[in-house]
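In: fold the stuff below for me.
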Amino acid sequence: MRKKIVIGLIAFGLLIAFAACNSPASTPLVTTPTSTLTPTIAPTLTATPEPTPTPAVVSIAVSGGNGSVKVGGTQRLTATAMLSDSSTVDVTGNVTWSSSGYAAAVSSSGLVTGVGAGTAQITATLDGLTGTFGITVMPTPSPTPTPTPQALLKILNWSWHTEYSYAIAEGEVQNLSGARLEDVTAVVSYYTEDGQFITSDYALIDYNPIMPGQTSPFKVYTTENPLMYKATLGFKYLLDGIIPATK
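Out: Presented below is the predicted three-dimensional model:
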């Protein structure tokens with residue numbers, strides 16, 4: 001009995017070995033890589049904003065200075081535009097300038113010049129809109145006359161002649177001031193017939209000092225020049241300083 005069991009086990013083992021030898025070879029597992037797909041992103045659509053409308057000019061204003069200018073004087077004006085968005089812009093160089101009268105003239109840059117005494121309305125025009133500015137032109141004041149110095153001396157008489165190669169000027173002068181005058185000199189200048197200066201000379205008057213109301217003779221000697229034709233007389237202090245004199 002044991003022998004039959006052994007023979008059966010051996011036979012079973014042989015069958016298994018035979019089956020293993022005749023079975024097909026194992027096929028190795030091949031893994032196919034999975035392809036990676038990049039997702040497609042749809043483009044973003046951006047709405048185009050509507051253009052902002054350009055602000056329109058709604059009014060023009062003119063300014064500058066105090067509205068007063070002298071004849072020959074100038075004043076610079078500025079034109080400003082008020083826009084529909086409440087902003088402002090300088091349009092001085094864009095407007096057309098004009099003046100209502102002859103008292104003032106205005107240039108294309110807004111420079112007003114006083115022409116004559118009076119008033120004028122300056123207008124700036126742009127796109128049918130206007131702004132105005134009133135100008136008063138003042139007359140140029142007359143220069144204040146320089147007061148004539150009060151005469152301190154009065155020339156009572158004088159003349160000149162030539163003698164022994166000298167030109168001799170002589171005469172009398174009176175002190176009109178209320179004070180004594182010291183070191184008073186008579187100055188004589190000589191000219192040709194056509195007015196060209198030749199020379200001048202001076203000398204102290206005879207009375208030094210000359211008292212208030214007093215009259216003093218004087219005599220001035222100058223070397224003669226044949227071209228001496230006319231002469232003028234004046235007075236000054238010895239150490240300079242003209243003394244006003246009248247005839």
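
In: does anything pack onto the helix or strand Gly134 falls within? Which helices or strands?
Out: Assigned by DSSP states H and E, Gly134 belongs to strand 129-138. Where contact means 3 or more Cβ pairs under 8 Å, 6 or more residues apart in numbering; DSSP states H and E, strand 129-138 is packed against strand 57-63, strand 68-70, strand 78-83, strand 111-114, strand 118-126. Using the backbone N, CA and C atoms, a C-beta is placed for each residue, glycine as well.

In: rerun at 10 Å
Out: Packing partners of strand 129-138 (3 or more Cβ pairs under 10 Å, 6 or more residues apart in numbering; DSSP states H and E): strand 57-63, strand 68-70, strand 74-76, strand 78-83, strand 96-99, strand 104-106, strand 111-114, strand 118-126.

In: Leu176: which of those is closest?
Out: For the helices and strands packed on strand 129-138, the distance to Leu176 is smallest for strand 68-70, at 41.4 Å, taking Cβ to Cβ.

In: show me the helices in this protein, by range?
Out: 2-22 (DSSP state H).

In: care to break it down by domain?
Out: 57-138, 153-246 (automatic domain parsing).

In: go through these and find the least confident stretch.
Out: Looking at the domains of the chain, the lowest mean pLDDT belongs to domain 57-138 (a mean of 90).

In: could you work out the end-to-end span of that domain for me?
Out: Start-to-end span of domain 57-138 (Cα to Cα, to the nearest Å) is 35 Å.

In: closest one to Gly178 among the helices and strands packed on strand 129-138?
Out: Nearest to Gly178 among the helices and strands packed on strand 129-138 is strand 68-70 (43.3 Å), distances taken as Cβ to Cβ.

In: would you mark the buried spots in that closest one?
Out: Residues of strand 68-70 classed as buried by neighbour count (16 or more other Cβ atoms under 10 Å): Val69.

In: and if you look at stretch 155-173?
Out: Across stretch 155-173, burial judged by 16+ other Cβ under 10 Å covers Ile155, Trp158, Trp160, Ala167, Ile168, Ala169, Glu170, Gly171, Val173.

In: still on that earlier bit, so which bits of the strand holding Gly134 are buried?
Out: Judged by neighbour count (16+ other Cβ under 10 Å), strand 129-138 contains these buried residues: Thr130, Gly131, Phe133, Ile135, Val137.

In: how about stretch 63-79?
Out: By neighbour count on 16+ other Cβ under 10 Å, the buried set for stretch 63-79 is Gly64, Val69, Val71, Gln75, Leu77, Ala79.

In: the second one contacts Pro139, correct?
Out: So that's Val69. No. Between Val69 and Pro139 there is no contact under Cβ atoms under 10 Å: 11.2 Å.
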